[in-house]
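Participant: Sequence plus predicted model, see below.
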Amino acid sequence: MNILVTGGCGFIGSNFIMHMIKKYPDYKIVNLDKLTYAGNQENLRNIEKNKNYTFIKGDICNEKIVNKALKNIDLIVHFAAESHVDKSIISREDFIKTNINGTYNLLNCAMKNNIRFHHISTDEVFGSLEINSQKKFDENTAYEPNSIYSASKASSDHLVRAFHRTYGLPVTEKIELK
Ligand SMILES: NC(=O)c1ccc[n+]([C@@H]2O[C@H](COP(=O)([O-])OP(=O)(O)OC[C@H]3O[C@@H](n4cnc5c(N)ncnc54)[C@H](O)[C@@H]3O)[C@@H](O)[C@H]2O)c1
């Protein structure tokens, strides 16, 4: 299995890569990351020389780079995002570009090559709960994004769904948690 991980130098993506390299020593992992202020290659220092790991510095919005990174890939695991709510209040553009346009570009490229897409969303698409609220979000909760960050993530979720429903792109579908 060959996996393209986007945003693999970030907080969650780097832990995912470390986990996968250890647990599945036969898998090949390609990490496509733009190395924004949130990306840190130190997170992957322990595995950077592993023969099954390749790093590509690049932007998910760049079609040429994404197509190149997708060579021989079976699965895309998409973490790359502008992920900090506070930053989205003052730097809206970056969130629209990466979270919406970047995801759209990845989906287009995935579709051309019929590559399975696993998208990482956030609970913030469901809005917020009062402190001490007894309510809980689940996968059936209506979307109520309140920030530019969560609105851009919600948009990307809907794009993934639409590519699946409209074009049959293989994606990870809703999993009911018991
Ligand atoms: N951290 C959380 O608490 C949390 C909670 C729920 C969901 N999420 C989601 O999980 C995913 C990962 O979150 P995180 O906390 O690891 O994020 P992070 O901000 O730590 O890392 C994001 C990574 O994406 C890279 N990146 C940003 N823009 C890029 C672009 N245009 N092209 C390529 N790479 C780019 C950055 O360099 C960085 O390495 C995000 O999609 C986020 O929305 C995070």
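Facilitator: Structure received. Residues are numbered from 1 along each chain as shown.
Participant: Say whether the ligand is contacted by stretch 87-96.
Facilitator: No: contact of stretch 87-96 with the ligand (CB under 6 Å from any ligand atom) is absent, the minimum separation being 7.7 Å. In this view, the C-beta of every residue, glycine as well, is placed from N, C-alpha and C.
Participant: Contacts for that stretch next, please.
Facilitator: Residues outside stretch 87-96 that contact it (CB atoms under 8 Å, 6 or more residues apart in numbering) are 82, 147-149, 152.
Participant: Kindly indicate which of those lies nearest the ligand.
Facilitator: Of all those, the ligand sits closest to Glu82, with 5.9 Å by CB to the nearest ligand atom.
Participant: quick one: that closest one and Asn101 touch, right?
Facilitator: No: between Glu82 and Asn101 there is no contact under CB atoms under 8 Å: 11.4 Å.
Participant: So which of the two has more stuff around it?
Facilitator: Glu82 (24 against 16; other CB atoms under 10 Å).
Participant: Now do the contacts for that one.
Facilitator: Glu82 neighbours (CB under 8 Å, 6+ apart): 36, 38, 88, 91, 94-95, 98-99, 149, 152.
Participant: ditto for Gly13
Facilitator: Contacts of Gly13 (CB under 8 Å, 6+ apart): 5-7, 31, 33, 79-80.
Participant: ok, now how distant is it from the ligand?
Facilitator: Going from Gly13 to the ligand by CB to the nearest ligand atom, to the nearest Å gives 5 Å.
Participant: Nearest residue to that residue in space, please, no chain neighbours.
Facilitator: Phe79 (3.9 Å; CB to CB, 6 or more residues apart in numbering).
Participant: swap in Arg116?
Facilitator: Closest to Arg116 by CB to CB, 6+ apart is Pro170, at 4.3 Å.
Participant: contacting residues around that neighbour?
Facilitator: 114-117, 164.
Participant: Out of those residues, flag the one nearest to Met20.
Facilitator: Sorting the contacts of Pro170 by how near they are to Met20, with CB to CB, puts Arg116 at the top with 15.1 Å.
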